[in-house]
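Visitor: Kindly generate the corresponding structure for this input.
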Amino acid sequence: MKDGVNGVALGVFIFFFLAVTVMGFLAARWRRADNEPSLDEWGLGGRSFGTWITWFLLGGDLYTAYTFVAVPAAIYAAGASGFFAVPYTILVYPLIFTFLPRLWSVSHRHGYVTTSDFVRGRFGSKGLSLAVALTGILATMPYIALQLVGIQAVLDVMGVGGGENTNWFVKDLPLLIAFGVLAAYTYSSGLRAPALIAFVKDALIYIVIAVAIIYIPIKLGGFDDVFAKAGQAFAQVNPVTGKPRGALAPSEATQWTYATLALGSALALFMYPHSITATLSSRSREVIRRNTTILPLYSLMLGLLALLGFMAIAAGVKVKNGQLAIPQLFENMFPDWFAGVAFAAIGIGALVPAAIMSIAAANLFTRNIYKDFIKPNATAAEETRVSKIVSLLVKVGALVFVLTMDKTVAINFQLLGGIWILQTFPALVGGLFTRWFHRWALLAGWAVGMVYGTLAAYGVASPTQPHFGGSAKEIPGIGEIGYIGLTAFVMNVVVTVVLTFVLKALKAPEGIDETKPEDYTADAGDPGVQVELPPATAGASH
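Guide: Take a look at the predicted model:
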């Protein structure tokens, strides 16, 4: 690590940061409708985005600072097991092609803003809707925190904030400034800010990866030398565990873990509130269908990005916190000015999803907690005001997490969020195709999955953590080590199916379904589709 502050890299970083900050505030006037504030406008960008804006928004939403920092960091630490992120992004797109267009259609027909809105309308259950909303908020918090960890990793490598013995306020001041700017333009511009900034973010990321995948291997002697050095490093025995550090390819013993983690992550990805928020912001059903076919281009980028973990090993990068491996690789290998470009790509890659995530969590609170249980007659303007305030509080919570917790465990808490959010799959995706599941059975299945997943994850230890040390554990009845989230999901589905049979036999009340079959195939312009809610009724659409 270079001594002192890397002034050139910092200057380039500040330039891009200021540029996207200005864009964030100007976005308040971009494609703005003239009607009074509503969640459709602030939280969904007026449901007006076309194919390319949606593509950049979803890409900026899904491929985050976690992607840029944590995926290659996982490979740097343990080898090819970190590549699970590549197959799961391949699996997810055929999956979402089947259900996202249906969700868009029914949501626009009824003015739904969140997944919990749909669940309540489909099953007539505020309790089930509340469970989905709380799970979404809970799972999103560590995800936002991980974005702030990405920003902090870049600042640390650039030497900003001083050393370990520096006063905590001075050390964390740059992160606090970045947080304040993010909070301000999100409050002002809503979803339009990350949608506009996503163009810059994705352009920078593609440029940096294209250069890195060519330039760094040339400096290191070619990919043969990169893989050879990585293989030697992974073969060394870790004195703490008594086992090799990792492997260039998953061993037979880890194949269940690898496969179940990839499958479970694929099922969970579009359960996250921010994924749905970006989806519902598009202007037509066809926009969603087109995006499910072109989003895999990001998976190509991800596969190349993951290779940076091997390059960091070959370049001799030594860091205690694996999250710093890739920023340190960039500083060591790139000229200072281009290192600044790379750091800006990571930093902006954190700001875009953090903004969308905070908006999505705020929408859940406003529509499915505040409006459903606290003030049912809230107007559209009041909903928007509450959502803006909650988006700030969500970001403050994530900031507190980052400033008080060990940064090396941030990824494990994000994986715990994946376990939680996967338990909403039966209610959301199941509800898009069938009304057969009983609302009480879905609620019981969700509870079983949440309790088992949390307790199982709590019992996983690592060399640095007595609890929440990972997301894999022995699968009951099989004996193989697998992803806890997928095991919990299977338990969830089994309980839901069995209890549905029981409750139907007992003729338990099933609630009122406010949707109709034709709602799930409706497109913009069809009779009854609410692309924009009128100001007079937007606050009382439910």
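Visitor: Over to Gly511. Which of the three states is it?
Guide: Taking DSSP: H, G, I helix; E, B strand; the rest coil as the rule, one finds Gly511 in the coil state.
Visitor: per-residue pLDDT, it?
Guide: With respect to pLDDT, Gly511 scores 88.
Visitor: show me the contacts for it.
Guide: Phe123, Gly124, Ser125, Arg439 (Cβ atoms under 8 Å, 6 or more residues apart in numbering). For the C-beta atoms, the positions are set from N, CA and C on the backbone; glycine is no exception.
Visitor: ok, now how distant is the second one from Glu514?
Guide: The one in question is Gly124. Counting by Cβ to Cβ, to the nearest Å, the separation of Gly124 from Glu514 is 7 Å.
Visitor: Likewise for the last one?
Guide: According to Cβ to Cβ, Arg439 and Glu514 sit 13 Å apart.
Visitor: More neighbours: which of these two?
Guide: Arg439 (26 against 14; other Cβ atoms under 10 Å).
Visitor: In contact with the more buried one: list those residues for me.
Guide: Neighbours of Arg439 in contact, by Cβ under 8 Å, 6+ apart: Phe123, Gly124, Ser125, Gly127, Leu128, Glu510, Gly511.
Visitor: buried ones in the helix of greatest length in the chain?
Guide: Criterion DSSP state H: the longest helix present in the chain is helix 126-157. Using 16 or more other Cβ atoms under 10 Å as the burial criterion, the residues of helix 126-157 that qualify are 126, 128-137, 139-157.
Visitor: Repeat that for stretch 359-375.
Guide: 359-372.
Visitor: Contacts for that stretch, please.
Guide: Outside stretch 359-375, the residues that touch it by Cβ under 8 Å, 6+ apart are 39, 42-43, 113-114, 116-117, 120, 126, 129-130, 132-134, 136-137, 140-141, 144, 186, 190-191, 194, 272-274, 276-277, 378, 382-383, 386-391, 394, 542.
Visitor: Buried by neighbour count, from those: which ones?
Guide: Buried among those (16+ other Cβ under 10 Å): 39, 42-43, 113-114, 116-117, 120, 126, 129-130, 132-134, 136-137, 140-141, 144, 186, 190-191, 194, 272-274, 276-277, 378, 382-383, 386-388, 390-391, 394, 542.
Visitor: Can you give me the neighbour number for Trp52?
Guide: So Trp52, with other Cβ under 10 Å, has 13 neighbours.
Visitor: So, low pLDDT: which residues of the stretch 1-150 of the chain?
Guide: 1-3, 31-36, 65-66 (pLDDT under 70).
Visitor: Now Phe334: closest residue in space that isn't a chain neighbour?
Guide: Nearest non-adjacent residue to Phe334, counting by Cβ to Cβ, 6 or more residues apart in numbering: Ala342, 6.2 Å away.
Visitor: What of Leu248?
Guide: Per Cβ to Cβ, 6+ apart, closest to Leu248 is Gly231, 5.1 Å.
Visitor: Assign that neighbour to helix, strand or coil.
Guide: helix.
Visitor: And the pLDDT at it?
Guide: In this model, Gly231 carries a pLDDT of 87.
Visitor: Let me know the distance separating it from Ala278.
Guide: 39 Å.
Visitor: Just want to know which of these two has more residues nearby.
Guide: Using other Cβ under 10 Å as the criterion, Gly231 and Ala278 rank with Ala278 on top: 33 against 17.
Visitor: Please tell me how far the more buried one sits from Gly59.
Guide: Taking Cβ to Cβ, one finds Ala278 at 9 Å from Gly59.
Visitor: which residues of the stretch 401-542 of the chain score low on pLDDT?
Guide: For the stretch 401-542 of the chain (pLDDT under 70), the answer is 405-411, 463, 524-542.
Visitor: got the residue ranges for the helices in it?
Guide: 410-422, 425, 431-433, 439-458, 484-505, 535-538 (DSSP state H, counting those that start in this stretch).
Visitor: I'd like those as CSV, with distance to Leu307 appended.
Guide: Below are the helices of the stretch 401-542 of the chain laid out as CSV (distance: least, Cβ to Cβ, whole Å):
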stretch, distance to Leu307
helix 410-422, 19
helix 425, 31
helix 431-433, 37
helix 439-458, 29
helix 484-505, 26
helix 535-538, 48
